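Participant: Generate a structure from the sequence data that follows.
(one chain, ligands or ions: 2)
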Amino acid sequence: MSDTEIRKGLAGVVVDTTAVSKVNPETNSLLYRGYPVQELAEKCTFEEVAYLLWHGELPDPAQLAEFETLERSLRHLDTVVKTVIDELPTTAHPMDVVRTAVSVIGARDADAAVSTPEDNLRKSVALFAQLPAIVAYDQRRRRGEHLVEPRDDLGYSANFLHMTFGDVPDLVVVDAFDVSMILYAEHSFNASTFTARVITSTLADLYSAVTGAVGALKGALHGGANEAVMHVFDEIQTADRAEQWLDTALAEKRKIMGFGHRVYKNGDSRVPTMKAALDTLVAEYDRPDLGELYEALETAMGERKNIKPNLDYPSGPAYHLMGFDTATFTPLFVAARVTGWTAHIMEQLESNALIRPLSEYVGPDERHVALPVE
Ligand SMILES: CC(=O)SCCNC(=O)CCNC(=O)[C@H](O)C(C)(C)COP(=O)(O)OP(=O)(O)OC[C@H]1O[C@@H](n2cnc3c(N)ncnc32)[C@H](O)[C@@H]1OP(=O)(O)O
Ligand SMILES: O=C([O-])CC(=O)C(=O)O
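Facilitator: Ligands and ions are numbered 1, 2, ... in the order given. Sure thing, here's the model as predicted:
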């Protein structure tokens, strides 16, 4: 080996600039296009935040009305996508279904290869509007339920919940869901966004980049952690068992899902906002036991390892309380993050350079194929 410094996992490596969002672990802050995410979660809808990520500015009332009309007109599940989903076994993971559906949408777009900013924006809005139908329908068919048609008198989050459950829950639930979408929307050069940028850098189309990003998000070290958190809660069962469960898990060298972060080492900027949303859901559904389990594991993890929760820790139980199946949690993350991914895809194309790092070879020295001895 030479003395070249290798940063495993590109930890700490700055690979490009971005104007989409800023993650600052020192101040524990996250800005989308300059706006603190907590402020966006409190004062804006997810539609406004999506518009902000794509256009760089929040919409004025006329722009918002136009955008909402467009998004609502694109919500119906494409019939071919539905047919393809129906062909997939219910044993397929919902992330595999979402990944396949995005790929089908791309294959059906005659202009898939057209990569002008206007065309990529059109595709981004279409995916944003279609993903709730895909995620909701996939959960329903697993339960033996029929497709629910979208309602164009509802905002994004109310309609998403309506399409999943067949009715619109209380406003506090819709608000908590909307907050989760805003918090999940964007997070700089995380693994799935970087994947999307790598694919885009080859000049492959937006659908290919989003399909690859869905694959990267599936893993338990990234988006798959929100699902994994719920499996942990199911294993522990009650707050009084949390300490003992954790000691065993750590002795077995398990990674505790929903804890730790590559960038934030002193807590995830989004957790307090999502935890407040979870608290309202715990009250709404009268599930103090879940709140107690959450606190018990967080406290024990703090005492044993001094590692803090990431966004997946409160969002997992929040989605559980809303009624989503555990395997649907990461597809919800996709529905939110498609906004950030596509904003980055468009930014990558504005000043593209093929992403192709180097590696240090550590295999055998040069050798040659020996001819068989006669
Ligand atoms: C929305 C998101 O995608 S947020 C991330 C969601 N992922 C998870 O929740 C999965 C669980 N967490 C983890 O695996 C990690 O914290 C990661 C992958 C998120 C970040 O990992 P890295 O930045 O590579 O940190 P790294 O793995 O080097 O951890 C540093 C130390 O903390 C430990 N550690 C970090 N996270 C955890 C955890 N969740 N459970 C147990 N130990 C942990 C590591 O074992 C390591 O200990 P060591 O120095 O004794 O070997
Ligand atoms: O930034 C990361 O590495 C992971 C994360 O929190 C996200 O993608 O939201």
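Participant: Around ligand 1, which positions in the stretch 1-150 of the chain sit nearby?
Facilitator: Proximity of the stretch 1-150 of the chain to ligand 1, by Cβ under 6 Å from any ligand atom, involves residues G9. Quick note: C-beta positions are derived from backbone N, CA and C, even for glycine.
Participant: Which single residue of the stretch 1-150 of the chain approaches ligand 2 most closely?
Facilitator: Closest to ligand 2 within the stretch 1-150 of the chain is V23: 6.7 Å, counting by Cβ to the nearest ligand atom.
Participant: the longest helix in the chain is where?
Facilitator: In terms of residue count, the longest helix belonging to the chain (DSSP state H) is helix 117-142.
Participant: how about that helix: buried residues?
Facilitator: Using 16 or more other Cβ atoms under 10 Å as the test for burial, helix 117-142 gives 119-142.
Participant: and if you look at stretch 233-245?
Facilitator: For stretch 233-245, the neighbour count (16+ other Cβ under 10 Å) marks F233, I236, A239, A242, E243, W245 as buried.
Participant: could you list every residue that touches the fifth one?
Facilitator: Contacts here follow Cβ atoms under 8 Å, 6 or more residues apart in numbering; on that basis E243 touches A296, A300.
Participant: what's the helix or strand for it?
Facilitator: E243 belongs to helix 242-251 when assigned by DSSP states H and E.
Participant: Could I get the average pLDDT for that helix?
Facilitator: Average pLDDT, helix 242-251: 98.
Participant: following it, which helix or strand comes up?
Facilitator: Using DSSP H and E, the helix or strand that follows helix 242-251 in sequence is helix 271-284.
Participant: Show me where the stretch 151-300 of the chain has its strands.
Facilitator: Using DSSP state E, counting those that start in this stretch, the stretch 151-300 of the chain contains no strands.
Participant: In it, what residue comes closest to ligand 1?
Facilitator: Closest point on the stretch 151-300 of the chain to ligand 1, by Cβ to the nearest ligand atom, is G260, at 2.2 Å.
Participant: still on that earlier bit, gap between the helix holding E243 and the chain center?
Facilitator: Chain-centre distance of helix 242-251: 28 Å, with Cα atoms, centre = their mean, to the nearest Å.
Participant: what's the answer for stretch 22-34, then?
Facilitator: Distance of stretch 22-34 from the chain centroid (Cα atoms, centre = their mean) equals 18 Å.
Participant: In it, which residues are buried?
Facilitator: Judged by neighbour count using 16+ other Cβ under 10 Å, the buried positions of stretch 22-34 are V23, P25, L30, L31, Y32, R33.
Participant: Could you identify the most distant pair in those?
Facilitator: P25 and R33 (19.2 Å; Cβ to Cβ).
Participant: Okay, buried residues for stretch 59-73 please.
Facilitator: P59, L64, F67, E68, E71, R72.
Participant: Then stretch 295-315?
Facilitator: The neighbour-count check on stretch 295-315 (16+ other Cβ under 10 Å) flags 296-298, 300-301, 307-315 as buried.
Participant: and the residue nearest the centre of the chain, what does it touch?
Facilitator: The centroid of the chain falls nearest to F333 when counting by Cα atoms, centre = their mean (3.0 Å). F333 makes contacts with Y184, L217, G223, N226, S315, as judged by Cβ under 8 Å, 6+ apart.
Participant: No further questions, thank you.
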